[in-house]
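Peer 1: Structure, please.
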Amino acid sequence: MRRTALFLPVLSAALVALTPAPAQAPRRPLAAAVGSPLRSPANVARDRYRHPVETLTFFGVKPTDTVVEIWPGNGWYSEILAPMLREKGRYVAAGPLPRTSDMLTKLQARDATAFGKAQAVAFPAEAGQAGVPDGVADKVLTFRNVHNWRFGGADRAQAAFDAMFRMLKPGGVLGVVEHRLPEARDAAAEEKSGYMKESSVIAFATKAGFKLAARSNVNANPKDTADWPQGVWTLPPTYRLKDVDRAKYAAIGESDRMTLRFLKPK
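Peer 2: The predicted model follows:
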């Protein structure tokens, strides 16, 4: 949950399906990746808030997919996706360089077999940098990043969605998880709180050419009222207020999150 501006150069939970759901991803390889001892204990401790098996199943991720993760940060999902896709698929981490490549290098140093085939590219790609070619991805996933792009302005957020649309194959899936701002709130809060309205995210995706396929409440948290003194960073794991009311925020847990699946039309 980084407050970073984007500079672009150029199912145990209730499910509301808008179109028929895709064939479910095989749970065995995914469950094995989530349960792998290669994952850091600190990341595993957050599974109860991030629900990786349910979330990736909802997005339809399969071991044979080419998956691009946009702005993977410190590699929380990289630890799961790269080993799962190693044999039959492909994992690409797309984000600011050198941070993204450094993250993958650390994982590869931990286990070259599990992470060795993963690739890091730039997003956005500047002159001379390798990016994601158009039409190569089966799935494009991004977790809690739309607010970062929105900090750079609506046009820059839109450019990110336009770029994700281009990198997907026709029929490909965009999966988005984002901190959720209640629809009744002033949209100006999106520029500083770390929360986004679901309608705003859907609008960016729709303008890029995506069709909303389904929503899931798998990452919902009704305890989160999204009106904290330091925005979403008031809550765990950041605890921006440090020890002030820490027990209160720990009891709330991590943020309420939308989980949206979009399709690129064939």
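Peer 1: For the longest helix belonging to the chain, buried residues please.
Peer 2: Counting by DSSP state H, the longest helix found in the chain is helix 154-167. By neighbour count, with 16 or more other Cβ atoms under 10 Å as the criterion, the buried positions of helix 154-167 are 156-167. In short, each C-beta sits where N, CA and C put it, glycine included.
Peer 1: Please apply the same query to stretch 219-231.
Peer 2: Within stretch 219-231, the residues that qualify as buried by neighbour count (16+ other Cβ under 10 Å) are 219-221, 224, 226, 228, 231.
Peer 1: Turn these into JSON lines, including pLDDT and secondary structure.
Peer 2: Supplementary listing: the buried residues of stretch 219-231 in JSON lines, determined by pLDDT from 0 to 100; DSSP: H, G, I helix; E, B strand; the rest coil:
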{"residue": "Asn219", "pLDDT": "98", "secondary structure": "coil"}
{"residue": "Ala220", "pLDDT": "98", "secondary structure": "coil"}
{"residue": "Asn221", "pLDDT": "98", "secondary structure": "coil"}
{"residue": "Asp224", "pLDDT": "98", "secondary structure": "coil"}
{"residue": "Ala226", "pLDDT": "98", "secondary structure": "coil"}
{"residue": "Trp228", "pLDDT": "98", "secondary structure": "coil"}
{"residue": "Gly231", "pLDDT": "98", "secondary structure": "helix"}
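Peer 1: Centre-most residue in the protein?
Peer 2: The chain has Phe143 as the residue nearest its centroid, 1.6 Å off, counting by Cα atoms, centre = their mean.
Peer 1: That one touches Ser78, doesn't it?
Peer 2: No: with contact defined as Cβ atoms under 8 Å, Phe143 and Ser78 do not form a contacting pair (10.7 Å).
Peer 1: Need the overlap of contacts for those two.
Peer 2: With contacts defined as Cβ atoms under 8 Å, 6 or more residues apart in numbering, the residues shared by Phe143 and Ser78 are Glu69.
Peer 1: Assign Leu97 to helix, strand or coil.
Peer 2: For Leu97, the secondary-structure state derived from DSSP: H, G, I helix; E, B strand; the rest coil is coil.
Peer 1: what's the neighbour count on it?
Peer 2: Leu97 sits with 16 neighbouring residues when counted by other Cβ atoms under 10 Å.
Peer 1: Next up, the contacts around the closest residue to it other than its chain neighbours.
Peer 2: On the basis of Cβ to Cβ, 6 or more residues apart in numbering, the spatially nearest residue to Leu97 that is not a chain neighbour turns out to be Ala122, at 4.9 Å. Neighbouring residues of Ala122 by Cβ under 8 Å, 6+ apart: 94-97, 100, 129-131.
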